[in-house]
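# structural data only, the sequence is not supplied:
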């Protein structure tokens, strides 16, 4: 969901001890107990354990489990340092998750980025290391910990903020990324102070999962390790394609998969593909409906990123461009189809092309980092852009886009069909312009975690927490039902169904469930940094929408669900003896108004997190007990013990 990568790039490590003389002590570095051996020591260690490194001049590896006892001792201290930083960065304990080492995957690794033959080409091609990114709730980390330097190898992580996108990991520096989800690669760059052509690093691995999944968490770690063993074997078999045909075929297969798979993630993003597919499919072939629910998604990306500021600039740019491309294709396709049917209107065509071309030219002058709030988000420092049209035309990108949309609206037959979307798109452009001009955003002190901490002061009792989740879900279902009815998606209210049989019009209706899937995914992606809760919020939103659409609630039923849900919350507070959170900020002030808004925006995610914490506290002892048993014994115990079976 939230791309799922950890902000640990470029964490310099200040190593103490007599040997660690190369680290700048002014850095705010992490400390490795006992210090870190000098770079030359690591080179000797690898070449002693892997003699082929002396001969081949290409990338080579050695499992850390095969290193000397001294190296293993140093490694354990390094792992402790990195482990601590991961837990701090990902808020492991706060999210009720478990982080474990996956040491069977750890390697001492020498890269040769100048070598682009065979499978070595993988490392200089945008790629994702693992393939289990489709599994929710589970995260695997690969950390690249520098041992030698200065060298000429740069790790590229394009989804990060600008300062973290290019990392040169020297001794004691490290970067961690999601093994199964984050795109990255290495490049050979000339460095003025470099003394090495290649680099030696430790590849360290960890996996993380919700504590309530403790019994199956290790299976996830092992699955990543088994895949890594397979991938390494394939890599070694194809490292030198000039030696035999089998090696050449394997290399081509690996490089082909890497090229196309990595490019798809880097340019568009697999999550964006899922969102776009859901929203486009929801419209069931209706052009203007696709424009409304899928063609406006890029506006949500801009607005949520600017207001909540919880996404990296690199990911924002990729996502915004991806969603914008969907909107552009839908605008072009629907307009082109109408022109093919009823003819081209010259005035409409010229104005539309001129407006969008002007906006595109302004984009090229500004660049993506500044276009997508790089300066406003504090990630890019830039002098004002003065090249035309800047300095001459105010807000040329917004102006050009509105002119282009106006050109489409002027088409005699397309225009009337496009009218509702025209008003929507213009209004959203003006809303984004207003945000950029005013700088309005959620204050740093009122972020997700701090607001959740305040919320939980008034939801301590397990009964209150569980009751709130159910009553809030009921109230949200009422709101969803009202939206379904308002937009004419309830066939029992719009006359699309007669005599209990769906007509062709009813079958062609937009799918509320797919809309909920796509839009809830967008909303949590940029507002909920708690990944477990983000997954559960999307799932619950989809289930609630599907249920309401199947039940075909009337307005009366929707209002009743909302009223019962709100009343149930008050009753739960009364029974538990806990004061409602709303009472803590019941003042007529701007801060209270903003707290009220955030309380409602994050209400369902907060209550999901609280319920997960309650369930974890209740069942984790039983889960841990099962984890200490062999599986057959656990199964017998679970069947015979209602508490374990539950």
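Sure, I can see it. Only a predicted model underlies this, so the values are computations on that prediction, with no experimental measurement involved.
# how about the host helix or strand of residue 359: buried residues?
In the assignment (DSSP states H and E), residue 359 maps to helix 346-366. Buried residues in helix 346-366, counted by 16 or more other Cβ atoms under 10 Å: 348, 349, 351, 352, 355, 356, 358, 359, 362, 363, 365, 366. Backbone N, C-alpha and C define where each C-beta goes, glycine included.
# which one of the residues you listed is nearest residue 94?
The nearest member of the buried residues of helix 346-366 to residue 94, counting by Cβ to Cβ, is residue 366 at 38.0 Å.
# OK, contacts around that closest one?
By Cβ atoms under 8 Å, 6 or more residues apart in numbering, the residues touching residue 366 are 385, 390, 397.
# gap between the nearest residue to the first one once chain neighbours are set aside and residue 602?
So the one you mean is residue 385. Closest residue to residue 385 apart from its sequence neighbours, by Cβ to Cβ, 6 or more residues apart in numbering: residue 366 at 5.7 Å. Separation of residue 366 from residue 602 (Cβ to Cβ, to the nearest Å): 33 Å.
# hmm, back to that, just among the contacts of residue 366, which is most surrounded?
Neighbour counts for the contacts of residue 366 peak at residue 397, which has 22 neighbours (criterion: other Cβ atoms under 10 Å).
# my guess is that residue contacts residue 365, does it?
No. In this structure residue 397 lies outside contact range of residue 365 using Cβ atoms under 8 Å: 9.5 Å.
# could you give the angle of the longest helix belonging to the chain to helix 346-366?
Looking across the chain with DSSP state H, the single longest helix is helix 313-342. Calculated by axes from the mean of the first three to the mean of the last three Cα atoms, to 10 degrees, helix 313-342 forms an angle of 170 degrees with helix 346-366.
# who are the packing partners of helix 313-342?
helix 245-267, helix 270-282, helix 287-293, helix 297-308, helix 368-371, helix 414-438 (3 or more Cβ pairs under 8 Å, 6 or more residues apart in numbering; DSSP states H and E).
# out of those, nearest to residue 107?
Nearest to residue 107 among the helices and strands packed on helix 313-342 is helix 245-267 (17.8 Å), distances taken as Cβ to Cβ.
# rewinding a little: any idea how far residue 39 is from the residue nearest to residue 385?
42 Å.
# also residue 193?
Using Cβ to Cβ, residue 193 is found at 14 Å from residue 39.
# equivalent analysis for residue 349, please.
In terms of Cβ to Cβ, residue 349 sits 64 Å off from residue 39.
# rewinding a little: and the buried residues of helix 346-366, which is closest to residue 168?
For the buried residues of helix 346-366, the nearest to residue 168 is residue 366 (28.5 Å; Cβ to Cβ).
# per-residue confidence at the closest one?
You'll see residue 366 listed with a pLDDT of 94.
# may I see the buried residues of helix 346-366 arranged in JSON lines, with distance to residue 86 as well?
What follows is the buried residues of helix 346-366, written out as JSON lines (distance: Cβ to Cβ, whole Å):
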{"residue": "348", "distance to residue 86": "55"}
{"residue": "349", "distance to residue 86": "55"}
{"residue": "351", "distance to residue 86": "54"}
{"residue": "352", "distance to residue 86": "50"}
{"residue": "355", "distance to residue 86": "48"}
{"residue": "356", "distance to residue 86": "45"}
{"residue": "358", "distance to residue 86": "47"}
{"residue": "359", "distance to residue 86": "42"}
{"residue": "362", "distance to residue 86": "41"}
{"residue": "363", "distance to residue 86": "37"}
{"residue": "365", "distance to residue 86": "40"}
{"residue": "366", "distance to residue 86": "36"}
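# ok so, going back, between residue 193 and residue 39, who's got more neighbours?
residue 39 (21 against 6).
# just give the closest residue to that one, not the sequence neighbours.
residue 148 is the one closest to residue 39 (Cβ to Cβ, 6+ apart), at 3.9 Å.
# would that neighbour count as being in a helix?
No. Using DSSP: H, G, I helix; E, B strand; the rest coil, the secondary structure at residue 148 is coil, not a helix.
# count residues in the vicinity of it, would you?
23.
# so how far is residue 165 from it?
For residue 148, the distance to residue 165 equals 22 Å [Cβ to Cβ].
# equivalent analysis for residue 515, please.
From residue 515 to residue 165 the distance is 34 Å (Cβ to Cβ).
# who's more crowded, the two?
residue 515 (25 against 19).
# residues in contact with that one?
Counting by Cβ under 8 Å, 6+ apart, residue 515 makes contact with 278, 279, 282, 293, 545.
# equivalent analysis for residue 73, please.
Applying Cβ under 8 Å, 6+ apart, the residues near residue 73 are residue 34.
# try the one 4 residues further on
Residues near residue 77 by Cβ under 8 Å, 6+ apart: 32, 33, 34.
# three-state assignment of the first one?
When states are read from three-state DSSP, the local structure at residue 32 comes out as coil.
# output the contacts of residue 366 as CSV; include the columns secondary structure, pLDDT and distance to residue 530.
Formatted as CSV, those follow (DSSP: H, G, I helix; E, B strand; the rest coil; pLDDT from 0 to 100; distance: Cβ to Cβ, whole Å):
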residue, secondary structure, pLDDT, distance to residue 530
385, coil, 92, 37
390, coil, 94, 39
397, helix, 96, 34
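# ends of stretch 264-277, how far apart?
Taking Cα to Cα, to the nearest Å, stretch 264-277 runs 15 Å from one end to the other.
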